[in-house]
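In: The sequence and its predicted three-dimensional model are supplied below.
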Amino acid sequence: MDAVTRNPSADEEAERAARWVFSPIGRGVAQVRHYWRTNVRTGVDHQEVIAKIALECPMTARYMLMTMMSAGIAILGLLLSSGAVVIGAMLLSPLMSPILGVGFALATGKQKWLRISAKTLALGSIVAVLFAALIVLVSPLQTVTEEIASRTRPNLLDLLVALFSSIAGSYAMIRGREGTIVGVAIATALMPPLAVVGFGLATLNWTVFFGALGLFVTNCLTIALTATIMARLYGFRTSLSTRQGWFQNVGIFMIFVALAIPLGLSLRQIAWETNSQRIVRNAIQAEFGSRARISEQTIDWDSEPLNITATVFTPDFDTGANGDLSKTLQQELGREVSVNVEQLRVGADPGAAEQAELARARAAEQAAATERQISTLVDRMAMAAGVDRSAVLLDRDTRIVSANAKPLPGLALEGYRDLEERVIGDTPGWQVRLRPPLLALPSVTLGEDGPDDAGIAAEKTVLWAARRIDLPLILSGPAQQTKALATRLRGEGIEIAQVDEADGEQIAIRWAPVPQ
């Protein structure tokens, strides 16, 4: 009786399967599967591929060294805003191997391989972040450059880049075309986001930190899960049951959906901002006419109301421009806006705006160059004095930079004078005053008609030190020569506390006692 009740359902299932196989869609799917198995999968040595990927997954000294060097190059390229240097870091990065290892381990169900690959990836990522953060901490450059900012807003396009790159990388590994991995490493850019995470950690900029971390996680998950799918398609043997395989497929799909939703929203926001930039520029141009020229335009997207500032070169002032633009842009953007346009008047000549903008750009460039020179001057002064930058005094009005030098073993006053001359470098118009420690003054050696060559050099050092330390001097030596030296020093504004006569062929000079 049981057999009779079970057979009809079995027959029905067989009949449904037959209808599927012989339906147009079923025949098409069957043909594709047959072609894939007989033409695409053939020639793939599964054991060799697995051995090749697994070989690069364990933690090694070489892996750690290359990870640190790649992170170091990446953060330096990001700080310098040099795309070429950043690309070099991508080429060195060894992170692709453990990520592919995670993907293939998931596909084959090898738990031990999965743990090894995940551990290698996690430790490498942590080391890269910490090494990049260390470099940022000791670097004088800690500003968010364009290269850094571009890696703090992941979007759906980044996910697609990682998806296509992972397909290419997995195919290259399976088909034995590892040379393609170089291009994949550049496309996915795994190391630069980690370096930016290190930058955010070092500067405590959590917006940068979490934005770059989101980009790295997106790349890692997309590459690993896509590699899992590729391994499945190429028939790599798995220890997972059919039920576990379906659960894994559903999990991969859900992860992609979970990634795609926020990244899609981010892409939508970026697209809106780009379109808004165009709308704002067109509105400003329409307000001032074709003879005006927009020099600068910035929008603070986080402000409420939306803060828009711009600089316009125009032959005619428009006193109501800010109010008119605020009303227009509020309607077009659908948000409360605050517009502040700086109007710079130029002649009616069509080329006047270009000339004014060029002059403005040159002035800005010169100002930026001057700031860089001043920053370099302060760095050199701090290094020469052996103190922190905060101990260097900078007077922009009088253009004087000064610092009190720490005693350096074996360095006399002549050495501190040489250090001060080196500090000046290529910063014209600035005065450098390095106050040396209270060291012994050199003696002025004498010739027949006055100080000899060594004595002249010693006199210059005494004059320099007396100006920096500002204490009276006591001179002792042959009467005529000593009085002549005292007269020269007084003429330079140096206070002479006492002049003593003494025999010999040199003038001894010492500091007067400091009054209590």
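Out: All right, it came through fine. This one's a predicted model, so the numbers in the text were calculated from it and none came from an experiment. Residues are numbered from 1 along each chain as shown.
In: The residue nearest to Ser117 when sequence neighbours are not counted: which element?
Out: Distances taken as Cβ to Cβ, 6 or more residues apart in numbering put Gly101 closest to Ser117, at 3.4 Å, once the chain neighbours are dropped. Heads up, the C-betas are built off the backbone N, CA and C, glycines and all. Gly101 belongs to helix 96-108 when assigned by DSSP states H and E.
In: where does the residue nearest to Ser375 when sequence neighbours are not counted land in three-state SS?
Out: Nearest non-adjacent residue to Ser375, counting by Cβ to Cβ, 6+ apart: Pro140, 7.2 Å away. Using DSSP: H, G, I helix; E, B strand; the rest coil, the structure places Pro140 in coil.
In: To what extent is Pro140 buried, counted in neighbours?
Out: For Pro140, the neighbour count with other Cβ atoms under 10 Å is 10.
In: Tell me the pLDDT of it.
Out: Note on Pro140: pLDDT of 82.
In: Then Arg115?
Out: So, for Arg115, pLDDT stands at 90.
In: could you measure it against Pro58, distance?
Out: Distance from Arg115 to Pro58, counting by Cβ to Cβ, to the nearest Å: 11 Å.
In: With Ile174 instead?
Out: From Ile174 to Pro58 the distance is 21 Å (Cβ to Cβ).
In: So for those two, which sits in the more crowded spot?
Out: Ile174 (23 against 15).
In: Now do the helix or strand encompassing the more buried one and helix 96-108, the angle between them.
Out: Ile174 is part of helix 156-175 when elements are defined by DSSP H and E. Angle of helix 156-175 versus helix 96-108, following axes from the mean of the first three to the mean of the last three Cα atoms, to 10 degrees, is 80 degrees.
In: Report all helices and strands that helix 156-175 contacts.
Out: Using 3 or more Cβ pairs under 8 Å, 6 or more residues apart in numbering; DSSP states H and E, the elements in contact with helix 156-175 are helix 46-55, helix 96-108, helix 180-188, helix 206-233, helix 242-288.
In: if we compare those helices, which one ends up closest to Ala384?
Out: For those, proximity to Ala384 was assessed by Cβ to Cβ; helix 206-233 is nearest, at 33.8 Å.
In: Would you mark the buried spots in the closest one?
Out: 208-209, 211-216, 218-232 (16 or more other Cβ atoms under 10 Å).
In: State the mean pLDDT of it.
Out: Mean predicted lDDT for helix 206-233 stands at 87.
In: Output the contacting helices and strands for it.
Out: Checking 3+ Cβ pairs under 8 Å, 6+ apart, helix 206-233 ends up next to helix 96-108, helix 156-175, helix 191-203, helix 242-288.
In: Secondary structure element holding Leu344?
Out: Per DSSP H and E: Leu344 is located in strand 337-345.
In: residues in contact with that strand?
Out: Residues outside strand 337-345 that contact it (Cβ atoms under 8 Å, 6 or more residues apart in numbering): 284, 295, 303, 305-318, 321-322, 325-326, 329-330, 356, 360.
In: Just the buried ones from those?
Out: 284, 295, 306, 308, 310-315, 318, 321, 325-326, 329-330, 356.
In: residues contacting Ala466?
Out: Leu473, Leu489, Ile494.
In: If you rank these by neighbours, which is first?
Out: Busiest of these [other Cβ under 10 Å] is Leu473, holding 24 neighbours.
In: Tell me how far it lies from Ala479.
Out: 17 Å.
In: Ok, Leu463 next?
Out: Counting by Cβ to Cβ - Leu463 and Ala479 are separated by 21 Å.
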